[in-house]
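1. Here you go, sequence then predicted model.
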Amino acid sequence: MKNVIVGDKSGFCFGVKRAVDLVIKCQQEKGKRIYTLGPLIHNNDVINYLKERDIYPIEIHELDRLNAEDVVVIRSHGVSLEILEKLKKMGLEVIDATCPYVGSIQKRVEEYFNRGYNIIIVGDKNHPEVQGINGWCENSALVAKDETDISSSISKKVCVVSQTTEKEKNWQNVLNSIIKYSKEIVAFNTICSATEVRQKCAEELSKKVDAMIVIGGRHSSNTTKLYEICIKNCHNTIHIEKAEEIPTEILENEDIVNVGITAGASTPDWIIEAVINKIK
Ligand code: F3S
């Protein structure tokens, strides 16, 4: 019999879990098809699981297919003010599952933009969260991927925020460059600690167990990072996507008693539970 210990903060972060729970609850209450604006999460298992429950992703350019009174859920990334208003104008019922942390960035950006500050967002201009935030200052923000995007041409009065998944080092580098050129700077470090906390919990757990199982997509960078952290402390660390992939060497090895589990940000609870059951 093996002892299974699941690392704190494994799997979905607070904002994604909240959005998934909200959309499922909403479908159960309404008893009809629910649409999410874009995939709720980049995990095919989750998307198929939601489709089985009559919850379908729809893209912005497909909105014309919907009828008034259809229900659309805004995912944790949030959207621009313009899209929010468009959905409401179409008569759609809008359920806002924007992560509260992202929502508070949008509100700050709106407030400081209205007070005459030029907005700088440290992040990836193609990321939906960044595009959504930019939509709260009339798409006027300078989106800086790193310090090379900052030059003497930036405004003298700026409000700086970051994408929630930005790296701390990059945030600091960009800020250091802004300081050279701007006179009045309001900076909000809006990096979310969810990823860092998950990594710290996995690191601690991997020091105490005989084997460590990291669950998550093969191409998921945050899952790969978890694997790299864990293998430094526990040489019996494996990376799997689902329960069927657990090697028999781990299941049948009697020297392996305590098994730790951690999971990347897009791994749902039901995959984690299937892994626990298989080991037990
Ligand atoms: Fe998740 Fe919200 Fe942080 S979506 S990563 S808890 S900003």
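-> Yes, it's here.
2. Can you pull the phi/psi pair for the closest residue to the ligand within the chain?
-> Proximity of the chain to the ligand (C-beta to the nearest ligand atom) peaks at Gly15, 2.5 Å away. Yep, even glycine has a C-beta here, placed from its N, CA and C like the rest. Note on Gly15: backbone dihedrals following degrees, to the nearest 10 are phi -70, psi -40.
3. Can you tell me the closest non-neighbouring residue to it?
-> Of all residues not flanking Gly15 in the chain, Cys99 sits nearest, at 2.9 Å (C-beta to C-beta, 6 or more residues apart in numbering).
4. Just list the residues touching the one you found, thanks.
-> The contact partners of Cys99, by C-beta atoms under 8 Å, 6 or more residues apart in numbering, come to 14-16, 18-19, 76-78, 164.
5. Can you tell me which of those residues end up in helices?
-> 14-16, 18-19 (DSSP state H).
6. Take those residues and write them to a markdown table, including pLDDT.
-> Converted to a markdown table, the ones in helices among the contacts of Cys99 look like this (pLDDT from 0 to 100):
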| residue | pLDDT |
| --- | --- |
| Phe14 | 92 |
| Gly15 | 93 |
| Val16 | 91 |
| Arg18 | 95 |
| Ala19 | 94 |
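7. Any quick PyMOL command for the buried ones out of these?
-> Here is the PyMOL command that selects the buried residues among those (16 or more other C-beta atoms under 10 Å):
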select buried, resi 15+16+18+19
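8. ok, of the ones in helices among the contacts of Cys99, which one's closest to Leu40?
-> Ala19 (5.9 Å; C-beta to C-beta).
9. pretty sure the closest one contacts Ile95?
-> No - Ala19 is not in contact with Ile95 according to C-beta atoms under 8 Å; the separation is 9.6 Å.
10. Spell out which parts of the stretch 51-200 of the chain neighbour the ligand.
-> Within reach of the ligand by C-beta under 6 Å from any ligand atom, the stretch 51-200 of the chain has these residues: 76, 99, 101-102, 164, 192, 194.
11. tell me the two of these that are most distant?
-> Farthest pair in these, by C-beta to C-beta: Val102 and Ala194, 11.8 Å.
12. need the strands for the protein, in chain order.
-> 3-6, 34-37, 55-58, 71-74, 93-96, 118-122, 142-144, 157-162, 184-187, 211-215, 237-240, 258-263 (DSSP state E).
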